[in-house]
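Enquirer: dropping the sequence and predicted coords here.
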Amino acid sequence: MHPTYKIAILDMNAGQPNEGMRCIKMLVQQFLDKNNVKDEYQIFDVRVDHKLPELEDFDIFISSGGPDSPKPSGEKWEKKYFRFLDDLYDHNLLEERKKYLFLICHSFQLAIFHWKLAKVKRRKSTAFGIMPVHKTRKGKAEPFLEGLNNPFYAVDSRDYQVIKPKKKRLKSLGCSILCKEKKRPHVPLERAVMAIRFSDEIFGVQFHPEADSEGMLRYFKRADKKSHIIKHHGKKKYLDMIEHLDDDDKILKTNRTIIPRFLQQAADSLDRLKPISV
């Protein structure tokens, strides 16, 4: 007797090589192996092939991070992606059998912009590194974040940010802000929103919970990235980031907590509604 979960991974990297996709695939495969699931996941290259999964064919969706501005620029895939978001949201309002969606960084920003939940703005400088992420009051009660320190640590890599949340709209849709970026008392700028629970089935973060030490070490050791980090942040910052990679209490803990819990919660909810196939 084996459970079945149809999982779609939406690749939003626009054809650029990315460690995040390797990490997402690994986490999904670990989940399938742990639950003795025979089904395989399927990958959709949204921005290159303009392909999106059919909603009725899948139960669980993970939409990756990616480069460039999250604001629409008239590309063919954008309307399809926004329609996908709306269709999934509407499906969950009407149907007993829900669809589960996890949004990472660029995908999170796209959803925020499309649903008009906050302002999405270019940063003055790129946020990059292993950064502290602070839980809000509601974040402290969020099951996906349970067991993580406050602040916990995650890979942050973005040129854009979500700020000025529209509190009335968030409240009307039942959304909860769960995390904000690191505290910077010496910087007179608003802290970006880093995680939102959009609904019982939709969860999004502006950082990279999928990142692991293997991929980040490979990334940091690239000559261009090493040079860039040292030039803009100093050698000490670079060495600190390398040191943090193998710290069980930093990105490894985040990697082993948030997405695995999302997948398991989705599976548990689906199991309550469907018979197990032989």
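Expert: Happy to help now that I have it.

Enquirer: next, give phi and psi for the nearest residue to residue 100 once chain neighbours are set aside.
Expert: Spatial nearest neighbour of residue 100, chain neighbours left out: residue 266 (3.7 Å); criterion: Cβ to Cβ, 6 or more residues apart in numbering. In this view, the C-beta of every residue, glycine as well, is placed from N, C-alpha and C. With angles defined as degrees, to the nearest 10, residue 266 sits at phi -60, psi -40.

Enquirer: residues touching residue 266, list them.
Expert: 5, 59, 60, 100, 201 (Cβ atoms under 8 Å, 6 or more residues apart in numbering).

Enquirer: please report how far the fourth one lies from residue 65.
Expert: It stands for residue 100. 18 Å (Cβ to Cβ, to the nearest Å).

Enquirer: now do the first one
Expert: Applying Cβ to Cβ, one obtains 23 Å for the distance of residue 5 from residue 65.

Enquirer: equivalent analysis for the last one, please.
Expert: Counting by Cβ to Cβ, the gap from residue 201 to residue 65 is 20 Å.

Enquirer: in the stretch 1-150 of the chain, where is pLDDT below threshold?
Expert: 1-2 (pLDDT under 70).

Enquirer: that one: helices as residue ranges?
Expert: Counting by DSSP state H, counting those that start in this stretch, the stretch 1-150 of the chain has helices at residues 19-34, 46-49, 76-94, 106-114.

Enquirer: alpha carbons of the second one, as CSV, please.
Expert: This points to helix 46-49. Extracted C-alpha coordinates of helix 46-49, given in CSV (Å, rounded to 0.1, in the frame of the first residue of the first chain):
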residue,chain,number,x,y,z
VAL,A,46,7.9,28.4,-16.7
ARG,A,47,10.0,31.2,-18.1
VAL,A,48,11.8,29.4,-20.9
ASP,A,49,9.2,26.9,-22.1
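
Enquirer: picking that back up, so for residue 5 and residue 65, which sits in the more crowded spot?
Expert: A count of neighbours by other Cβ atoms under 10 Å puts residue 65 above the other of residue 5 and residue 65, at 27 against 21.

Enquirer: buried sites along stretch 229-242?
Expert: 229, 238, 241, 242 (16 or more other Cβ atoms under 10 Å).

Enquirer: with just CA atoms, put that stretch into PDB.
Expert: Extracted in PDB, the C-alpha atoms of stretch 229-242 (Å, rounded to 0.1, in the frame of the first residue of the first chain):
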ATOM      1  CA  ILE A 229      31.600  39.400  -1.600                       C
ATOM      2  CA  ILE A 230      35.000  40.500  -0.500                       C
ATOM      3  CA  LYS A 231      34.900  43.700  -2.500                       C
ATOM      4  CA  HIS A 232      31.400  44.700  -1.200                       C
ATOM      5  CA  HIS A 233      31.300  43.100   2.300                       C
ATOM      6  CA  GLY A 234      34.900  42.400   3.300                       C
ATOM      7  CA  LYS A 235      37.000  39.300   3.800                       C
ATOM      8  CA  LYS A 236      35.700  38.800   7.300                       C
ATOM      9  CA  LYS A 237      32.100  38.600   6.100                       C
ATOM     10  CA  TYR A 238      33.200  36.100   3.400                       C
ATOM     11  CA  LEU A 239      35.000  33.900   5.900                       C
ATOM     12  CA  ASP A 240      32.100  34.100   8.400                       C
ATOM     13  CA  MET A 241      29.600  32.900   5.700                       C
ATOM     14  CA  ILE A 242      31.900  30.000   4.900                       C
END
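
Enquirer: so what's residue 208 closest to, chain neighbours aside?
Expert: residue 155 (4.2 Å).

Enquirer: among the contacts of residue 266, who's most crowded?
Expert: residue 100 (25 neighbours).

Enquirer: ok, residue 255 touching residue 212?
Expert: Yes - between residue 255 and residue 212 there is a contact under Cβ atoms under 8 Å: 5.1 Å.

Enquirer: what sits in contact with each of these two?
Expert: With Cβ under 8 Å, 6+ apart as the test, residue 255 and residue 212 both reach residue 23.

Enquirer: separation between the closest residue to residue 10 other than its chain neighbours and residue 19?
Expert: Residue nearest to residue 10 in three dimensions, not counting chain neighbours: residue 63, with 4.1 Å by Cβ to Cβ, 6+ apart. With distances taken as Cβ to Cβ, residue 63 is found 17 Å from residue 19.
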